[in-house]
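[1] Let me see the structure of the following:
(one chain, ligands or ions: 1)
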Amino acid sequence: MQSEGIPVEGIHDPSMQKENITSNITELIGWTPLVELKNIASKEGALARIFRKLEWHQPLSPVKDHIALLMIEDVERRGLIKLGLTTLIEPTSGNNTISLAFLEIYLIDPAVGIAGLFAKAEELVATRPNNYMLNQAMNTMNPRAHFQSTGPEIWKDNAGKVDIFIEGAGTGGTFSGAGQFLKEHNPEIKVTIIEPVESPCCLGAARVHTRFKESVLALFLLRRMLAWPMRSSQSRRKSP
Ligand SMILES: Cc1ncc(COP(=O)(O)O)c(C=O)c1O
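    Numbering: from 1, shown residues only. Below you'll find the model as predicted:
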């Protein structure tokens, strides 16, 4: 029977087929699909073409797979953690933990905010043996991972035709790493952060927890930050 759809060379001839299998899931990180949001662009009357990078196609779902891998490889190489012995502690809203594949979760009262979250993580590291905090908010491997992967992926998949890069930010690591890569390839590219008003990390961190802005958030790249209320259509603009 003739197969339909996309022709695949040699598909009926086993001698021409090569295995396309990995036994190392980390090799599947990256090169997530890019989709053009034509209906949204047309509905909004946008002059630009709008693309969305589908990061949930990562092996463990979030964009954080990139940084989880690089942060772990870095501390392993430096002998700071040991396989089977060290427990990794991470202050996070959740997704970075999924990428790091933690098993134990401490829930804290959201009212304590970012400062309380860090305080709890630091307390755990200080009081328990063989605990190590990777700390995505200060870890330079966070933006570096996106400089090495997310940035080049966006550049290549758009064939270098990028005018504006917008990130829905948490730590700002994706913005900083991918943004820096894109700026190095075309300084005219505009880079913007959007974050929920209700959960400010980049905008709020500057006030609440300066560690964010000192470390992974490349403020020098930033021209515009949009704080977007999740429960209303009003937006508020702020520049550093
Ligand atoms: C699913 C998801 N996407 C994006 C982000 C933001 O990434 P970044 O911390 O690099 O700004 C986060 C977390 O902060 C996240 O959990």
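[2] secondary structure class for P187?
    Three-state assignment for P187 (DSSP: H, G, I helix; E, B strand; the rest coil): coil.
[3] Check the gap between it and the ligand for me.
    Going from P187 to the ligand by CB to the nearest ligand atom, to the nearest Å gives 22 Å. (Each C-beta comes from the backbone N, C-alpha and C, glycine too.)
[4] any low-confidence regions in the protein?
    Counting by pLDDT under 70, the chain shows low-confidence ranges at 1-8, 93-103, 105, 199-215, 231-240.
[5] all helices for it, in order.
    38-43, 65-77, 95-100, 113-127, 141-148, 150-157, 173-185, 202-208, 211-214 (DSSP state H).
[6] Tally up the residues packed near the residue lying closest to E198 once chain neighbours are set aside, please.
    Counting by CB to CB, 6 or more residues apart in numbering, M230 is the residue found nearest to E198 once chain neighbours are left out, at 5.7 Å. The number of residues packed near M230 is 8, by other CB atoms under 10 Å.
[7] what do you get for P33?
    P33 has 11 neighbours, counted by other CB under 10 Å.
[8] was I right about it contacting L54?
    Yes - with contacts counted by CB atoms under 8 Å, P33 reaches L54, the gap being 4.9 Å.
[9] Which phi and psi values does whichever residue of the chain sits closest to the ligand adopt?
    For the chain and the ligand, the shortest gap (CB to the nearest ligand atom) falls at G170, measuring 1.7 Å. Backbone torsions of G170, given as degrees, to the nearest 10, read phi -120, psi -80.
[10] residue contacts, N139?
    Counting by CB atoms under 8 Å, 6 or more residues apart in numbering, N139 touches 67, 71, 74, 215-216.
[11] What about those residues, which one has the most neighbours?
    I67 (30 neighbours).
[12] Quick check: closest non-adjacent residue to the spatially most central residue of the chain.
    Nearest to the geometric centre of the chain sits V63, at 3.9 Å (CA atoms, centre = their mean). By the measure of CB to CB, 6+ apart, the closest residue to V63 outside its immediate chain neighbours is E55, 4.0 Å from it.
[13] how many other residues sit next to that neighbour?
    E55 - counted by other CB under 10 Å - has 18 other residues nearby.
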